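Enquirer: Dropping a prediction and its sequence here:
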Amino acid sequence: MFRNHVLICGGTGCTSGDSPKIRELFEKKIKEAGLENDVKVIMTGCFGLCACGPVVVVYPEGSFYSQIKPENVDEIVNEHIIKGRIVSHLLYKDPEIKAQETVTSLNETNFYKKQSRVALRNCGVIDPENIDEYIAYDGYQALYKVLTEYDPQQVIDIIKQSGLRGRGGAGFPTGLKWQFAKNAVGDIKYVCCNADEGDPGAFMDRSVLEGDPHTVIEAMAIAAYAIGSKQGYVYVRAEYPIAVKRLSIAINQAKEYGLLGNNIFGTDFSFDLEIRLGSGAFVCGEETALMTSIEGNRGEPRPRPPFPANKGLFGKPTILNNVETYANIPQIILKGPEWFASIGTEKSKGTKVFALGGKITNTGLVEIPMGTTLRTIVEEIGGGIPGGKKFKAAQTGGPSGGCIPAEHLDIPIDYENLIAIGSMMGSGGLIVMDEDNCMVDIAKFFLEFTQDESCGKCTPCRIGTKRLLEYLEKITEGRATLKDIDDMEKLCYYIKDNALCGLGQTAPNPVLSTLRYFRDEYIAHVTQKKCPAGVCKSLLTYKITDACKGCTLCARQCPVGAISGKVKEKHVIDTDKCTKCGVCMSVCKFKAVIKE
Amino acid sequence: MKTIEEINAIKAKMQAQLNMRSSIDNAGDTRIVVGMATCGIAAGARPVLNAFVEEITKRNLKNVKVTQSGCLGMCKLEPMVEVYVPGKEKVTYVKVTADSARRIVAEHIVNGNPVLDFVIGNE
């Protein structure tokens, strides 16, 4: 029997912060102390607070240690494990709680307090490589309930009543999708899971697969029962090695327990699951391209209709849901559709996971009820913007989404509201930007991405995104005219109307939404040849003001020798030689170097 | 192939072990705090702590949490154990052994009668 559980985060973020080594050291030290039968060391999935990783939590105290390095392991074992003294200087410190110097337990922190974890309920709680721990938290009970108490139509009715909508981006009602596939004629049907998370900045699907892979397996089996399928595929990108490994282990364990395979729970329902690896093309997250890729062909979309529910994978009726959507299913079955429908707003039920990134203190994963305001996410859960900078905009929905400016901070987040203000839910990436971000540059970044990821099958997307990018390059280099802005806007709508798949249809969104809220920035680039945020290099000049004391530091640091001046005299930058690297500005102790 | 009975057996077994992780922050929990400073460990606190954990798991007691503390200042009375039952006064046990730990669980935690034989002042 164990008296302590030591949980170490094994998500991708903490793994890159050396958490496997930390685990090894914990195991070694605990063994040296002769406590290997008293203390259990577990590698879990993501805790969500990636900014403070690697994370180690020691139970039963629930002490939340953050930013642990291998050299801290000795102290935690000697003090906390052996002597029962919590190592307070290594505990996570909540920046918002000033009065209390440190917090010992995660639920007390501002970061977790406002969250409501449904899809992420087991992440950071269980050992994802141990099916028994998933079972302890009601694992596979929903599948049993479905197989023994409901007929397929009842399952679909429950999902419909819950109001669950697809978490991958478009927000299509999940129950309806299942109904179409159930109604479709055919003896072979497929259940697929989209784990091809491709939006820059989004990592919630990866975290669910890494932290709680069995929940996806269970949900897919439930979906298969509902539509009458025997075979499922999880399409996951090969860039997610930890997720792939844990999912494979989970599938094998489920097969061993007979929870996948023939005659599950002694019923006549059989279901098998396989993993298909994608090589990371963004377009393969689009449903028809994903299925084409599973079939072994080049990942290109095809026109719809026919929709996958009628003619999907290998030409058979198929449902495709996103990882996060599946993660909600077992809970809906166990707790009932009314419970799920009681969370969220009128048209958007339940919770949504967001990957917080950019200029934000608590980078990480948060799960909030639909209808939470952006302000709550950014200022309370996210801990605000570091360095006291001002909030400028938040980008949601990745390259398909748009920017939400400060004036809309108090809008309750749900599918309809985000679309109304020119953005979209997307898969849930949320990138926070402050006054130092140039909105034209942001639009250019996303266009570089979509232009690069366009599969090239249809002309509006292949050539359109390239031309859009060229307009943006002209603007950021100060070569554009006001007519270019208008032409660019027209091209945006043309691409939206004519592209074949979701990638092309949404690719102009970052441009359109920044034009809508930050048109003045575009105009400043064109008419004044200035970048108001000081980002676009071609429009910047570095200057030395009278605050210069002549310390010569900048001149010595300048990599191209563009700065000249005598000791104790004001220095000058030769703008012809200057490469605008910004070194002089960062080294100057007197703030004498400015850019404009 | 596992039947639902087997799955439920795994669930019950694992829940007892994982209870430790979910019972945090619950104000209604009974807490058993074992002094695990150098003095406590030297006097044999470790088998006492293990006995508490085992007994509680064996009886599948929910909302009971075993934690450790440092030196309470009366090293000659170690191993010392404090039991906090919500709404009741704290009870401090001294010179606890693995056997008396099992009695404390049975009589105090389960039945609500502090074991006066080991309470401080009666040693």
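Expert: Happy to help now that I have it. Numbering: from 1, shown residues only, chains lettered A, B, ... in the order given.

Enquirer: buried set for the longest helix seen in chain B?
Expert: In chain B, taking DSSP state H as the definition, the longest helix is helix B:4-22. Buried residues in helix B:4-22, defined by neighbour count with 16 or more other Cβ atoms under 10 Å in any protein chain shown: B:4, B:7, B:10-11, B:14-22. To be clear about C-beta, it is placed using only N, CA and C from the backbone, and glycine gets the same treatment.

Enquirer: Name the nearest of these relative to chain A.
Expert: Lowest distance from chain A to the buried residues of helix B:4-22 (Cβ to the nearest Cβ) belongs to B:Met14, with 3.4 Å.

Enquirer: Just give the nearest non-adjacent residue to that closest one, would you?
Expert: Of all residues not flanking B:Met14 in the chain, A:Ala136 sits nearest, at 3.4 Å (Cβ to Cβ, 6 or more residues apart in numbering or on different chains).

Enquirer: Contact partners for the one you found?
Expert: By Cβ atoms under 8 Å, 6 or more residues apart in numbering or on different chains, the contact list for A:Ala136 reads A:126, B:10-11, B:14-15, B:17-18.

Enquirer: how much space between it and A:Ile126?
Expert: A:Ala136 sits 8 Å away from A:Ile126, taking Cβ to Cβ, to the nearest Å as the criterion.

Enquirer: Name the residues contacting each of these two.
Expert: Shared contacts of A:Ala136 and A:Ile126, defined by Cβ under 8 Å, 6+ apart, comprise B:Leu18.

Enquirer: In the stretch 201-350 of chain A, where is pLDDT below threshold?
Expert: Of all residues in the stretch 201-350 of chain A, none has pLDDT under 70.

Enquirer: List the contacts of the closest residue to chain B within it.
Expert: Residue nearest to chain B within the stretch 201-350 of chain A: A:Gly258 (3.0 Å; Cβ to the nearest Cβ). Contacts for A:Gly258 (Cβ under 8 Å, 6+ apart) come out as A:264-265, B:1-2.

Enquirer: Neighbouring strands of the helix or strand just after the longest helix of chain B in the sheet, and parallel or not?
Expert: Using DSSP states H and E, the helix or strand that follows helix B:4-22 towards the C-terminus is strand B:30-35. Taking DSSP bridges as the criterion, strand B:30-35 sits next to strand B:64-69 (parallel), strand B:81-84 (antiparallel) in its sheet.

Enquirer: and B:Ile109, what does it touch?
Expert: B:Ile109 makes contact with B:30, B:32, B:56, B:61, B:64, B:83, B:85, according to Cβ under 8 Å, 6+ apart.

Enquirer: Could you work out the most separated pair of those residues?
Expert: Within the contacts of B:Ile109, B:Ile56 and B:Val85 form the most distant pair, 13.7 Å apart (Cβ to Cβ).

Enquirer: And those two? Which one has more around it.
Expert: Per other Cβ atoms under 10 Å in any protein chain shown, whichever of B:Ile56 and B:Val85 has more neighbours is B:Ile56, with 24 against 17.

Enquirer: pretty sure that one is in contact with B:Asn50, am I right?
Expert: No. Counting by Cβ atoms under 8 Å, B:Asn50 is not a contact partner of B:Ile56; they are 10.9 Å apart.

Enquirer: Which secondary structure elements does the helix or strand containing A:Lys352 sit against?
Expert: Secondary structure assignment for A:Lys352, by DSSP H and E: strand A:351-358. Under the contact criterion of 3 or more Cβ pairs under 8 Å, 6 or more residues apart in numbering or on different chains; DSSP states H and E, strand A:351-358 touches helix A:204-211, helix A:323-335, strand A:364-369, strand A:391-396, strand A:429-434.

Enquirer: give me that answer again for 7 Å
Expert: Packed against strand A:351-358 by the contact rule (3 or more Cβ pairs under 7 Å, 6 or more residues apart in numbering or on different chains; DSSP states H and E) you find strand A:364-369, strand A:429-434.

Enquirer: deepest of the ones you listed, which one?
Expert: Stretch with highest mean neighbour count among these: strand A:364-369 (a mean of 25; mean count of other Cβ atoms under 10 Å in any protein chain shown).

Enquirer: next one: whatever helix or strand comes next after it to chain centre, how far?
Expert: On the C-terminal side of strand A:364-369, the closest following helix or strand by DSSP H and E is helix A:374-375. Between the centre of helix A:374-375 and the centre of its chain there are 17 Å (Cα atoms, centre = their mean, to the nearest Å).

Enquirer: Show me which residues of the stretch 251-400 of chain A sit near chain B.
Expert: Proximity of the stretch 251-400 of chain A to chain B, by Cβ under 7 Å from any Cβ of the partner chain, involves residues A:257-258, A:265-266.

Enquirer: out of those residues, which are buried?
Expert: Listed as buried from those are A:257-258, A:265; burial here means 16+ other Cβ under 10 Å.

Enquirer: Can you name the residue of the stretch 101-250 of chain A nearest chain B?
Expert: A:Ala136 (3.4 Å).

Enquirer: And the pLDDT at that residue?
Expert: According to the per-residue confidence, A:Ala136 scores 92 in pLDDT.

Enquirer: ok, now the one 5 residues further on?
Expert: Turning to A:Gln141, the model gives it a pLDDT of 96.

Enquirer: Verify the contact between it and A:Gln331 for me.
Expert: No. A:Gln141 lies out of contact with A:Gln331 (Cβ atoms under 7 Å); the separation is 10.7 Å.

Enquirer: Quick one: low-confidence residue ranges for chain B.
Expert: For chain B, the stretches with pLDDT under 70 are B:22-27, B:123.

Enquirer: of the contacts of B:Ile109, closest to chain A?
Expert: Closest to chain A, out of all of these and judged by Cβ to the nearest Cβ, is B:Ile56, at 8.7 Å.

Enquirer: Touching, that closest one and B:Lys65? I think so.
Expert: No. Assessed by Cβ under 7 Å, B:Ile56 is found out of contact with B:Lys65, at 8.8 Å.

Enquirer: Please list all residues in contact with B:Lys88.
Expert: If you count contacts by Cβ atoms under 7 Å, 6 or more residues apart in numbering or on different chains, B:Lys88 has none.

Enquirer: Relative to A:Thr450, how far out is it?
Expert: Taken as Cβ to Cβ, the span from B:Lys88 to A:Thr450 is 65 Å.

Enquirer: Then A:Gly382?
Expert: Separation of A:Gly382 from A:Thr450 (Cβ to Cβ) stands at 26 Å.

Enquirer: what does B:Asn122 give?
Expert: According to Cβ to Cβ, B:Asn122 and A:Thr450 sit 77 Å apart.

Enquirer: who's more crowded, the two?
Expert: Between B:Asn122 and A:Thr450, A:Thr450 has the larger neighbour count (other Cβ under 10 Å), namely 26 against 10.

Enquirer: now that one, what's its secondary structure?
Expert: Under DSSP: H, G, I helix; E, B strand; the rest coil, the three-state class of A:Thr450 is helix.
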